[in-house]
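Colleague: Turn this into a model:
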Amino acid sequence: MTDQQVPSAPPGAAPPGAGRPADDGSAAAPPEEWSQAAFEDAFAKAEVEIGRFNLAVFGKTGVGKSTLVNAIFGEAVAATGIGRPVTMGSHLYVHRTGRLGIYDTQGLEVGRDTDRIVAELQRFIEHTRTLPFTEQVHLAWYCVRATDRRFEDTEAAFIRRLADLGLPVVLVLTQVPARRDSAGQLVVAPDVLALADLIGAQALPVHGGHPVLVNALADPFTGVEAHGLLDLLDATFRLAPQEATEALVAAQKIDPARKAAAAEKAVNTAAAAATAAGFTPIPFADAAILVPIQLGMMARIAAIYDIPVERATVASLAATTATTQGGRAAATGLLKLVPGIGTIAGGAITGSVAGSITFAVGHAWHRVCIGMAEGKYQTVAGTLDSRTIQRVFNEELAAGVRRRGLFGRR
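Modeller: Model prediction:
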């Protein structure tokens, strides 16, 4: 850090002195109000901070690339074409949420069009290295259909050329048949294991030196179940650059534990920022100083759960509608609804109380986001059930405040 650099505040943190008189006696800017526009602005900021994970997917026609992408990232991502090309002539398509990009050379075949694919990819990589990190391809999956029972020299050569371009590669055997034995253990077909060993013996520059065995789509007729998807996701996380991991957490749909951990991190960061903001006790009437911190936290958690901004905004306003009129911070307004907490209202909020309040509201909102990601809180018409969201949020907040031991503080 140079002498001119100033450490940045934690994501969602209020700037030092926000909402308080400036040292020179001039009035500071009024604290941000809790509104639809404010939440949307916070959501846009969270999207920028989370960024985008860009994955290149290669393999011969019919190996199940689209099925694999859809299984991990959901919503028929591959079938819908992701969205639109990033630039004219580009093979990088961005999903509607902006957290996922897929580089797919549709219509080109490894072995037949290898030189063209590599040349186009090389041009793309060289171009994007001059652009922001979110525009670059971060790693590649190379897919081979296990039931073909062969791995060609042209495929091995293609993978080595990907590595020469600086792309980390996960080699995936797709459509792997397997069954459960009497002990419940998954047993993979012997010929597939032999193929995996054959590939591993070639010392290819791929994750772990061997393929990941996956079946993305269960087949009720044959009894073959989906398996290996978490193994593939784990391998992807190990190779993904650190700067892209939060976007990968947000984009993937099969590992709720990773989403929960990222949301907990956002809550803890916001609680620490609120504690710092309340280092000098905040008069209860001025508690809207916590609004930017709480807005940033709630927006980031919604983005982690890949909830579209429109639905996230409606849900955030529904959750806090009873207590946010006039710009008051959600948590401090909701304190009035929690029996036994009213004693804070007459005095000041200390740093520890501000942190505890923000921690509790973060956990309440986290619970709402989990429910939304699971398809709960919808009416028959598909709109959000605002009353249920508000009830769940308030109940979770009350429980969180009690767990934090805020009763009777003055």
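
Colleague: distance between stretch 189-209 and the chain's centre?
Modeller: 31 Å (Cα atoms, centre = their mean, to the nearest Å).

Colleague: Also stretch 45-60?
Modeller: 10 Å.

Colleague: Export it to CSV, keeping only CA atoms.
Modeller: Taking Å, rounded to 0.1, in the frame of the first residue of the first chain, the C-alpha atoms of stretch 45-60 are listed here in CSV:
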residue,chain,number,x,y,z
LYS,A,45,-23.1,-2.8,-6.6
ALA,A,46,-23.2,-6.4,-5.2
GLU,A,47,-23.3,-7.8,-8.7
VAL,A,48,-20.2,-5.8,-9.7
GLU,A,49,-18.4,-7.0,-6.5
ILE,A,50,-19.4,-10.6,-7.1
GLY,A,51,-18.4,-10.5,-10.7
ARG,A,52,-18.8,-13.3,-13.3
PHE,A,53,-17.5,-16.9,-13.7
ASN,A,54,-16.7,-17.8,-17.3
LEU,A,55,-16.5,-21.5,-18.2
ALA,A,56,-15.4,-22.9,-21.6
VAL,A,57,-17.1,-26.2,-22.4
PHE,A,58,-15.7,-28.5,-25.1
GLY,A,59,-16.3,-32.1,-26.4
LYS,A,60,-17.7,-33.9,-29.3
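
Colleague: Can you give the distance of stretch 61-77 from its chain's centre?
Modeller: That offset, for stretch 61-77, works out to 18 Å (Cα atoms, centre = their mean).

Colleague: Ok, stretch 158-178 next?
Modeller: For stretch 158-178, the distance to the chain centre is 24 Å (Cα atoms, centre = their mean).

Colleague: can you check stretch 100-107 too?
Modeller: 20 Å.

Colleague: Enumerate the positions of stretch 45-56 that are buried.
Modeller: Lys45, Ala46, Glu47, Ile50, Gly51, Arg52, Phe53, Asn54, Leu55, Ala56 (16 or more other Cβ atoms under 10 Å). For the C-beta atoms, the positions are set from N, CA and C on the backbone; glycine is no exception.

Colleague: closest to Asp385 among those residues?
Modeller: Distance to Asp385, by Cβ to Cβ, is smallest for Ala46 among the buried residues of stretch 45-56, at 24.3 Å.

Colleague: what ranges do the helices span in the stretch 101-250 of the chain?
Modeller: Per DSSP state H, counting those that start in this stretch, the stretch 101-250 of the chain carries helices over the ranges 114-128, 153-164, 190-200, 229-239, 245-251.

Colleague: Select, out of those, the one closest to Val380.
Modeller: Between Val380 and the helices of the stretch 101-250 of the chain, the tightest spacing by Cβ to Cβ is seen for helix 245-251, at 28.8 Å.

Colleague: what does the helix or strand following the closest one rub up against?
Modeller: On the C-terminal side of helix 245-251, the nearest following helix or strand under DSSP states H and E is helix 256-277. Counting by Cβ atoms under 8 Å, 6 or more residues apart in numbering, helix 256-277 makes contact with 9-14, 18, 237, 246, 249-250, 252, 289-290, 293-294, 296-297, 300-301, 304-305, 351-352, 354-359, 362-363, 366, 369-370, 373, all of which sit outside it.

Colleague: Show me the domain layout of the protein.
Modeller: Using automatic domain parsing, the domain parsing of the chain gives 50-251, 255-403.

Colleague: so of the ones you listed, which one's packed in deepest?
Modeller: Counting by mean count of other Cβ atoms under 10 Å, domain 255-403 has the highest mean neighbour count of the domains of the chain, with a mean of 20.
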